[in-house]
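In: What follows is a predicted structure for the sequence shown.
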Amino acid sequence: MNYAEPRKHLLDWLRKQLIGPASEKEKLLGSPLDRYPTGILFPIIRGEEGIDPASVNESDDEPEGVDEDQDIRNDAEPATKRRRYMPPSSVGFSFFAHGNEIQFQVICSAARYEKSKSRNDESGQFVNNEFTRSVLGGDENAKTFFRPEKLSLTQFNQREDVLDGLASIDVLWRPFMDGWIVTVSLFNKQEINGEGTSQSLFVNERIKQSLFEANLRCFLDVGEIGTYPRVDKSLLNEEDQELELQYKNRNIYAIGHGAAVDWHVENGCVKEIWAEFMPAVEVPQVTADVAGDDNLVLGLAYLSRADNSEEVFEELNQFVEKYSAWVLAQSSHIPQIDPKEHDAAKRITARMKTTLERMRRGVALLVSEPNAAESFRLACQAMLDQMRQADSVRGRHPNEKTYRWRPFQLAFLLTVIESAIRDDDEHRDIVDLIWFPTGGGKTEAYLGLIAFLIVWRRLSHPTSGGGTTVLMRYTLRLLTAQQYLRATRMICALELIRWRIPALNNATPITIGMWVGSATSPNKFEDAMKYVYRQVRKTSMG
C-alpha cells in the first residue's frame, strides 16, 4: 500500500486545523485567536515592554549593594512594573548567499479576521461572535530584492511595505567571507494601545490587527545559496562537537527566526526557502539488518544446541573480530578529516574500542564460566521458543532458521553480560542504552539479557537465586500492556525450560507480575478472587 498520499492528506488537514483555514467557509464562529494556536503575527502593543523570561532573575528588582538580611523596606524604591510576555509580531529566516550578482523574490501572504455584520436569518439580530476572513498578499504581490553593484562591504537594510501596508518585509545584508548572510523578515506594523483601553475593545482590536496564516517564501533568481555557516567547533562542548562530526554531510541551508525553516533543493541548488510554523520531515526507514547478517552464529537454534559449545565460542570470536575490523577502518579515516575534528573522532572511536573490549570479555566469560555458557544457551532457547509461539498463534510456522539474532542484538548481549553479573566490573555503573527506532529489535535484545540473568542467578545460587530479578517500567498504558505480553511469552518459555533442566527443576517457579495501580488491576489475591467470582456469576447467569 502507498502511504505517501494519505500521509500528505493528514498533514494538510492538521496544518489547516492548527494554522487555518479549517474550512472553505469565509466566516468563523468564535475568536480566531482561540481557534488557531500558531502561524500568527500579532500587532505591537504600544506602551508595553517584552522580555525573554530566561534573562530575568529574582534579584533584578533588588537594589545593588544591599545585604539580603538588611531591612530595606523603608529605603527601597517602588517596585518596577512586571514585564510580561509579548506575543511574536515577526517571522523570518537567514541564509548564506554568494555570487557576483544576488537577486531573489520574496512572496508573503496572510489572512485577517474582522467581526461580521451579518444578521441572524431567524431573529434578524446581528451575530456578535462571527468573524469574516479575507486574504492579503500572494504570488502576484512578489517583491524583488538584489544586492546593488556599487556597495561597500558593510551591512545594510532594505524594506518594502506589503499586505496592504499592514506589514513590511525587512531584508538585512551582512558581509561574510565571500558572500552575504541575508536575513528576510516579515513583521506586523500595526499597533494597539496597551493602556487605557477597555478589555473588550483591546480583544477586538487584537483580533482585527493580527495577521493569521503568515506565509513567507523566498525564491532565488540570481546567485547561489550555500551551506549556512556553522559555529566554530572550539566553542562547542564535546557532545556537540561529536554530533557535528557525525552529521557533517547533512547540509543546513537556512535557520529560522520565530518559526522553523525549510528549503527545496533542485539539481544540487537551493531554489526556494520558506518559514514553516508546522515543520514536518519524512524520516527514512532504518533497518537493523546489515551485510553479512546471515552468519551461522546469529541463528537461535544453532546457539541453543548443547553439543556444539566449542564451535559456538569460535564463531562468537569471529563475530567480534568482524566488529574489530570495522572499528579499525573507522579509525583509519581520522587522518583524512579536518584536524579540528580529530579530538572528537578519537573520542568516538575510543568508545568503539571500549565496546569491542567488552564484547571480547563477554565471549571469554562464556568460555571460562560453565554457568554463564549454559545461561546464554538457555536464554537463546527461550527466545527461540517464544518467537515460535508468537508465530504459532498467528497461524505461521516458518523454518527455525528464520529465527535469528540481529547483529546489534547479539553484540549488545556480549557487551553487557559480564557487567550484569559481576558486581566489581569496571563498567557496572554504566547505563548501556539501546537507541534505535521503533521496530528495530530493542525488546528482543533486552529480553535476551533478562533470560540470561534469570537462568544465571538460579544456576549460580540455587537456594537464593529466585525472587525479583528485573523491573521494567513503561510510561504509556498501551505500551505497558504490549510489552508485558511479549515479556510473558519469554517468561513462560523459561518456566517450561526449567521443568526440563535438572539443575533448575528444584528451584522456585519463574513468574512475571504487573503492577499498574488498583484502578486497572487488583493488587491483592482476595480482590482478584472476588473479580473472578463476579465474572463467573455473570457468565453463568447469562
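Out: Received, thanks. If you're wondering where the values come from, they're calculated on a predicted model, not measured in any experiment. Residues are numbered from 1 along each chain as shown.
In: Ramachandran angles for Ser200?
Out: As for Ser200, its main-chain torsions (degrees, to the nearest 10) stand at phi -60, psi -40.
In: correction: Ala275
Out: Backbone torsions for Ala275, taken as degrees, to the nearest 10, come to phi -80, psi 140.
In: any idea how far it lies from Asp262?
Out: According to C-beta to C-beta, to the nearest Å, Ala275 and Asp262 sit 8 Å apart. From N, CA and C alone the C-beta is placed, and that goes for glycine too.
In: Same drill for these two, tell me which one is more crowded.
Out: Neighbour count, other C-beta atoms under 10 Å: between Ala275 and Asp262, Ala275 has more, with 26 against 17.
In: Any idea what that one is bridged to?
Out: Val261 (DSSP bridges).
In: quick one: it and Ser94 touch, right?
Out: No - counting by C-beta atoms under 8 Å, Ala275 does not reach Ser94; the two are 11.1 Å apart.
In: Give me the number of neighbouring residues for the nearest residue to Glu400 once chain neighbours are set aside.
Out: Excluding its sequence neighbours, the residue lying closest to Glu400 (C-beta to C-beta, 6 or more residues apart in numbering) is Ala301, at 4.6 Å. Neighbour count for Ala301, taken as other C-beta under 10 Å: 15.
In: Quick check: next helix or strand after the helix or strand hosting Ala301?
Out: For Ala301, the element it lies in under DSSP states H and E is helix 300-303. Using DSSP H and E, the helix or strand that follows helix 300-303 in sequence is helix 309-332.
In: outside of that following helix, which residues touch it?
Out: For helix 309-332, contacts defined as C-beta atoms under 8 Å, 6 or more residues apart in numbering pick out 292, 295-297, 302-303, 305, 348-349, 352-353, 356, 359-360, 363, 366-367, 373, 377, 407, 410-411, 414.
In: Make a PyMOL selection of whichever of those turn out to be buried.
Out: The buried residues among the contacts of helix 309-332 can be selected in PyMOL (16 or more other C-beta atoms under 10 Å) with this line:
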select buried, resi 295+297+302+303+348+349+352+356+359+360+363+366+367+373+377+407+410+411+414
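In: among the contacts of helix 309-332, which are in helices?
Out: 302-303, 348-349, 352-353, 356, 359-360, 363, 366-367, 373, 377, 407, 410-411, 414 (DSSP state H).
In: which parts of stretch 379-397 are buried?
Out: Buried residues in stretch 379-397 (16+ other C-beta under 10 Å): Ala379, Cys380, Gln381, Ala382, Met383, Leu384, Asp385, Gln386, Met387, Arg388.
In: what's the following helix or strand after the host helix or strand of Thr443?
Out: Element membership of Thr443 [criterion: DSSP H and E] is helix 442-460. On the C-terminal side of helix 442-460, the closest following helix or strand by DSSP H and E is helix 477-500.
In: Tell me the first helix or strand C-terminal of that next one.
Out: Using DSSP H and E, the helix or strand that follows helix 477-500 in sequence is helix 502-505.
In: Buried ones in that following helix, by neighbour count?
Out: In helix 502-505, counting by 16+ other C-beta under 10 Å, buried: Leu504.
In: Can you pull out the residues in contact with the very next helix or strand once past that helix?
Out: Per DSSP H and E, helix 502-505 leads on to helix 525-541 as the next helix or strand towards the C-terminus. With contacts defined as C-beta under 8 Å, 6+ apart, helix 525-541 is touched by Ser518, Pro522.
In: cool, and stretch 157-164?
Out: Under C-beta under 8 Å, 6+ apart, the answer for stretch 157-164 is 106, 108-110, 136-137, 141, 143, 145, 167-173, 186, 189, 211.
In: Try it again at 7 Å.
Out: The contact list for stretch 157-164 (C-beta atoms under 7 Å, 6 or more residues apart in numbering) reads 108, 110, 136-137, 141, 143, 145, 168-172, 211.
In: now stretch 385-401: how far from the chain's centre is it?
Out: In terms of C-alpha atoms, centre = their mean, to the nearest Å, the centre of stretch 385-401 is found 33 Å from the chain centre.
In: Quick check: next helix or strand after the strand ranked longest in the chain?
Out: Of all the segments of type strand in the chain, defined by DSSP state E, the longest one is strand 90-115. As assigned by DSSP H and E, the chain's next helix or strand after strand 90-115 is strand 130-137.
In: Name all residues that make contact with the residue nearest the centre of the chain.
Out: In the chain, the C-alpha nearest the mean C-alpha coordinate belongs to Pro437, at 10.3 Å (C-alpha atoms, centre = their mean). Applying C-beta under 7 Å, 6+ apart, we find Pro437 in contact with Val286.
In: Could you chop the protein up by domain?
Out: Structural domains annotated on the chain: 90-276, 296-505, as defined by automatic domain parsing.
In: okay if I get those domains as CSV plus mean pLDDT?
Out: Below are the domains of the chain laid out as CSV (pLDDT from 0 to 100):
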stretch, mean pLDDT
domain 90-276, 89
domain 296-505, 92
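In: Mind putting those domains into JSON lines with distance to Thr511?
Out: As requested, those are arranged in JSON lines below (distance: least, C-beta to C-beta, whole Å):
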{"stretch": "domain 90-276", "distance to Thr511": "41"}
{"stretch": "domain 296-505", "distance to Thr511": "7"}
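In: Val455: how many residues sit nearby?
Out: Neighbours around Val455, by other C-beta under 10 Å: 30.
In: An error on my part: the question was meant for His333.
Out: His333 has 10 nearby residues by other C-beta under 10 Å.
In: Then Thr480?
Out: Neighbours of Thr480 using other C-beta under 10 Å come to 16.
In: list the buried ones in stretch 487-500?
Out: Ala487, Arg489, Met490, Ile491, Cys492, Ala493, Leu494, Glu495, Ile497, Arg498.
In: Kindly report the same for stretch 453-469.
Out: By neighbour count, with 16+ other C-beta under 10 Å as the criterion, the buried positions of stretch 453-469 are Leu453, Ile454, Val455, Trp456, Arg457, Arg458, Leu459, Gly465, Gly466.
In: and if you look at stretch 90-107?
Out: In stretch 90-107, counting by 16+ other C-beta under 10 Å, buried: 90-97, 99, 102, 104-107.
In: Identify the farthest-apart pair in those residues.
Out: Ser90 and Gly99 (27.4 Å; C-beta to C-beta).
In: which element is the residue nearest to Arg35 when sequence neighbours are not counted on?
Out: Excluding its sequence neighbours, the residue lying closest to Arg35 (C-beta to C-beta, 6+ apart) is Leu28, at 6.4 Å. Leu28 belongs to strand 27-29 when assigned by DSSP H and E.
In: Strand partners (parallel or antiparallel) of that strand?
Out: Partners of strand 27-29 in the sheet, by DSSP bridges, are strand 130-137 (antiparallel).
In: between the strand it pairs with and strand 90-115, how many degrees?
Out: On the basis of axes from the mean of the first three to the mean of the last three C-alpha atoms, to 10 degrees, strand 130-137 is oriented at 140 degrees to strand 90-115.
In: Which elements pack onto the next helix or strand after strand 130-137?
Out: Downstream of strand 130-137, the first helix or strand assigned by DSSP H and E is strand 143-146. In terms of contacts (3 or more C-beta pairs under 7 Å, 6 or more residues apart in numbering; DSSP states H and E), strand 143-146 is packed against strand 90-115, strand 156-162.
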